[in-house]
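Q: What follows is a predicted protein model with its sequence.
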Amino acid sequence: MTVTAVPDTSPPVERGWYKRNEIAITPWLFLLPAMLFFAVYVIIPIGQSFWISFHQWDGLGEKTWVGTANYERLLGIGDQNIDRKFETSFWNNIKWLILYLLAIPLGLFISLFLNQTVRGIRLYKSLFFFPFVISQVVVGLVFSWFYLPNVGLFDQMTGFFGFQIKGGMLGNPDWATYGIIMAGLWPQTAYCMILYLTGLNAVDPEQVEAARLDGAKGWKMLWYVIIPQLKPATFIAFVVTIIGALRSFDLISVMTNGGPFGSTRVLSFYMFEEALSEFGFRMGYGSAIAVVLFFIMLGFIIYFLWSMYQDEKGGR
Amino acid sequence: MHSIKTSFAALAAASIAASAAMADGHALSGDLKIISDMSNPAPRAVMEGMVADFKEMHPDLNIELTIVDREAWKTQIRNALSANPPDVVNWYAANRMKPYVDAGLFADISDLWAEPEFEALASTKGAMTLDGKQWGVPYTYYQWGVYYRKDIYEELGLEEPATWEEELANCQAILDSGRKCYTIGSKFLWTAGGWFDYINSRTNGYDFHIALASGEVEWTDDRVKQTFANWRQLIDMGAFIDDHQTYSWQEAMPFMVNGEAAAYLMGNFSVAAFREGGLTDDQLDFYQFPVINPDVDYAEDAPTDTFHIASGAQNMDAAKEFLRFVTSADNQTKINSGDALGQLPVNANSSIDNDKFLAEGFEMLSNNAGGGIMQFFDRDFDAEMASVGMEGLQEFMVFPDNLDDILARLEETRQRIYN
């Protein structure tokens, strides 16, 4: 038995296509699932909403192309009046945007108050955080009982000060939106508080020490030393509050269902009512509202992305 | 030889086919898919009972029953009908059927209605008809009317009012005793629709009301304004409870149970809730909404719940047979009895359970609703018109001075929808 040595005649193994391009391809492979889902669930639906908003469609039959008629009716272009429901919803959205921002200073002050070491502070912190944990539906229900005319606690409180809101907080078209925003501020403040609490952990104690040596205290300390260091937390709190204000839907749905007489509608609620509610299924018009809401949100989103980009550039 | 063999085989095949066809005529087989919205406990038991009875009659039929939450069904029906449709579904009568009829999702069952047995259902034929064809069958309905505290009326020495003048006089007496005449919870709007249905049909008649519902009359018409003027008489007296825009219809009930309000314009489904709230039949009674304009006949709200066949039904024979079964006199007696749905059977040959409200309601709808049967504001009016309309009605009840603005808004909506 002799073993014949077979000479190695084949050339060196050619590396596969993937191996050769590994460095360039791999990041895209990792990104692919996310991009796919983002496209399917976000980008394509946005395009579809735009497309539907140029049609009249009941969601069942054929779509009819109506061009910009939905937008003309919505914004009152031409010889028609502006859609009053849209007008109310828009101004309510503005009220939400402005008043919801109160959650940021409120959250800041509660977090400053809680940022101390006393016995049982963890319990107090979790109690303050509690409203953010429970569902918005529960918050809405609790507040709608709180606001009940005659028997509700709020009515009794205002009654004690000799001040009566006609129809109860949620039954009075001039007050109802503020009532809902107040209910929304409760969990939102808790959210901002938790953001600031984590932010306060990152405050540099040496800087505080140095400021103290220089004689800074009280408001000056807060304004010139603490708050600048909390800037990242403030930014996040601002983002979540703005988004939260624009998304406000569940509280309205639970507390007033858009009423009384539609005075508490916001754009997202109006969109839902037109497109998906029991008496709705005017998909085209609902999509047109969605598109308007999208552009309002886009303004904020661009601002957020831009300031994040600026930060990144500064960080380099 | 060969030809004999094949012809024999053909003969055999033909006879098998024939016997299969004959069997088909006698017994139903295959699958029958039903989606029902009868999700509350009592209706659910009724639906399951009906399926069990039907199954017993047709043992070869495999019935697949799905029960969907009643509120959720109002939006789910669209998906259910358009993709992989079932054979039979629940829905509502009148204009509520229109989107599905227009989209061709409900099957035309005019042939069923042409059968002699269906003459017993004539009272609701109009409500099941769109474009001159019938699209479903009713299984139950219930009357609307004024439920009142008999003991309070007796204490104040009042009689059930028959005319608007008596109504207003009664109301004044009730107000003078420190109570409200009517409780109502208008947070979800539709309760105000009931008031409009009644005052408008009593003021201008059924035909005018339906013409308004189909968009043929302007909201700014003087006759509509007369309706609101009549309504306003009650509002200005302070007849309704305060802050009703913050209550649901259930939340408005305690006012009547506690004796702070004397009456409630409601559907018969409220009786169960009143009894649960502790009112006995000696305390609770019913009267038909009084006459306002003596020249027009009584028209009554009696919303009808229905069964329909999907146009994409796989087992059309079984589905039609099920509809025949549902509308049969015996079945309607059974499902509408007091221990089942506790409502009124539509079939004229059915008998009514021994319940004073059902008996009174049946008597009223059979003999004293000459004007016609309304399905209710949100079923007679176009969906968008109904939602804008009910919002306007609620606003009117709280701020009657806004009437002109409200009517102008409704008219604008009418012109856009119906033109």
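A: Alright, I've got the coordinates.
Q: show me the contacts for the closest residue to residue A:245 other than its chain neighbours.
A: Nearest non-adjacent residue to residue A:245, counting by CB to CB, 6 or more residues apart in numbering or on different chains: residue A:100, 3.9 Å away. Yep, even glycine has a C-beta here, placed from its N, CA and C like the rest. By CB atoms under 8 Å, 6 or more residues apart in numbering or on different chains, the contact list for residue A:100 reads A:181, A:184-185, A:188, A:241-242, A:244-245, A:248.
Q: Report the central residue of the chain.
A: Picking chain A for this. Against the mean C-alpha coordinate of chain A, by CA atoms, centre = their mean, the closest residue is residue A:243 at 2.2 Å.
Q: meant chain B actually
A: residue B:303 (1.6 Å).
Q: Tell me the spacing between that one and residue A:129.
A: 47 Å (CB to CB, to the nearest Å).
Q: wait, residue A:54 sits on residue A:63?
A: No: in terms of CB atoms under 8 Å, residue A:54 does not count as a neighbour of residue A:63; the distance is 9.0 Å.
Q: who has more neighbours, the two?
A: Between residue A:54 and residue A:63, counted using other CB atoms under 10 Å in any protein chain shown, the more crowded position is residue A:54 (20 against 15).
Q: Let me know the closest of the contacts of residue A:100 to chain B.
A: residue A:181 (17.4 Å; CB to the nearest CB).
Q: returning to that earlier point: now the residue nearest to the centre of chain B: closest residue in space that isn't a chain neighbour?
A: Residue B:303's closest residue in space is residue B:376 (CB to CB, 6+ apart), at 4.6 Å.
Q: Just read off the phi/psi values of that neighbour.
A: Torsion angles at residue B:376 (phi, psi; degrees, to the nearest 10) stand at phi 120, psi 150.
Q: which residues does it contact?
A: B:144, B:190, B:193-194, B:197, B:301, B:303.
Q: near chain A, which residues of chain B?
A: B:74-75, B:78, B:82, B:99-100, B:102-103, B:105, B:187-189, B:242-243, B:245-246, B:378, B:383-384, B:386-387, B:391-392, B:394-395, B:398, B:409, B:412, B:416 (CB under 8 Å from any CB of the partner chain).
Q: In ChimeraX, select just the buried ones from those residues.
A: To isolate the buried members of the residues of chain B next to chain A in ChimeraX, using 16 or more other CB atoms under 10 Å in any protein chain shown:
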select /B:74,78,99,100,103,105,187,189,242,243,245,246,378,383,384,386,387,391,392,394,395,398,409,412
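Q: Could you tell me which residues touch both of residue A:54 and residue A:63?
A: Counting by CB under 8 Å, 6+ apart, the residues touching both residue A:54 and residue A:63 are residue A:284.
Q: so of the residues of chain B next to chain A, which ones are in helices?
A: B:74-75, B:78, B:82, B:99-100, B:102, B:378, B:383-384, B:386-387, B:391-392, B:394-395, B:398, B:409, B:412, B:416 (DSSP state H).
Q: so residue B:359 makes contact with residue B:351?
A: No: judged on CB under 8 Å, residue B:359 makes no contact with residue B:351 at a distance of 10.5 Å.
Q: I'd like the domain boundaries of the chain, if you could list them.
A: Assuming you mean chain A. Chain A breaks down into these domains under automatic domain parsing: A:49-82+A:282-316, A:84-266.
Q: right idea, wrong chain: chain B
A: Taken from automatic domain parsing, chain B resolves into B:27-140+B:305-362, B:144-301+B:382-418.
Q: Save the ones you listed as CSV, and put in mean pLDDT too.
A: As requested, the domains of chain B are exported to CSV (pLDDT from 0 to 100):
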stretch, mean pLDDT
domain B:27-140+B:305-362, 90
domain B:144-301+B:382-418, 93
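Q: With distance to residue A:27 added, can I get those in TSV?
A: Listed next are those as TSV, based on distance: least, CB to CB, whole Å:
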stretch	distance to residue A:27
domain B:27-140+B:305-362	39
domain B:144-301+B:382-418	50
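Q: Can you tell me which of those domains is nearest to residue A:211?
A: domain B:144-301+B:382-418 (51.9 Å; CB to CB).
Q: Could you pull up the residues touching residue 196?
A: I'll assume chain A. Taking CB under 8 Å, 6+ apart as the test, what residue A:196 contacts is A:107-108, A:111-112, A:230, A:233, A:237.
Q: meant chain B, my bad for not saying
A: With CB under 8 Å, 6+ apart, residue B:196 has these contacts: B:227, B:231, B:377, B:389, B:393.
Q: hmm, who's touching stretch B:213-223?
A: Contacts of stretch B:213-223 (CB under 8 Å, 6+ apart): B:95, B:203-204, B:208, B:211-212, B:224, B:380-382, B:385, B:407-408, B:410-411, B:414, B:417-418.
Q: what about burial for these, which qualify?
A: B:95, B:203-204, B:208, B:212, B:224, B:380-382, B:385, B:407, B:410, B:414.
Q: List just the nearest of these to residue A:282.
A: The closest of the buried ones among the contacts of stretch B:213-223, once distances to residue A:282 are taken by CB to CB, is residue B:382, at 11.2 Å.
Q: Tell me which residues touch that closest one, please.
A: Contacts of residue B:382 by CB under 8 Å, 6+ apart are B:95, B:98, B:213, B:215, B:417-418.
Q: State whether residue B:347 is indeed within a helix.
A: No: judged by DSSP: H, G, I helix; E, B strand; the rest coil, residue B:347 forms no part of a helix; its state is coil.
Q: And it, how close does it get to residue B:140?
A: Taking CB to CB as the measure, residue B:347 falls 10 Å from residue B:140.
Q: Mutual contacts of the two, please.
A: residue B:332.
Q: Tell me where the chain has strands.
A: In the absence of a named chain, chain A is used. Applying DSSP state E to chain A gives strands spanning A:55-56, A:64-65.
Q: Can you look at chain B instead?
A: Per DSSP E, chain B carries strands over the ranges B:30-36, B:61-67, B:88-92, B:129-130, B:133-134, B:137-141, B:144-149, B:180-182, B:261-267, B:284-287, B:299-301, B:304-309, B:372-374.
Q: Now render the ones you listed as CSV, adding mean neighbour count.
A: Below are the strands of chain B laid out as CSV (neighbours: other CB atoms under 10 Å in any protein chain shown):
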stretch, mean neighbour count
strand B:30-36, 20
strand B:61-67, 16
strand B:88-92, 23
strand B:129-130, 18
strand B:133-134, 18
strand B:137-141, 25
strand B:144-149, 24
strand B:180-182, 22
strand B:261-267, 24
strand B:284-287, 20
strand B:299-301, 24
strand B:304-309, 24
strand B:372-374, 22
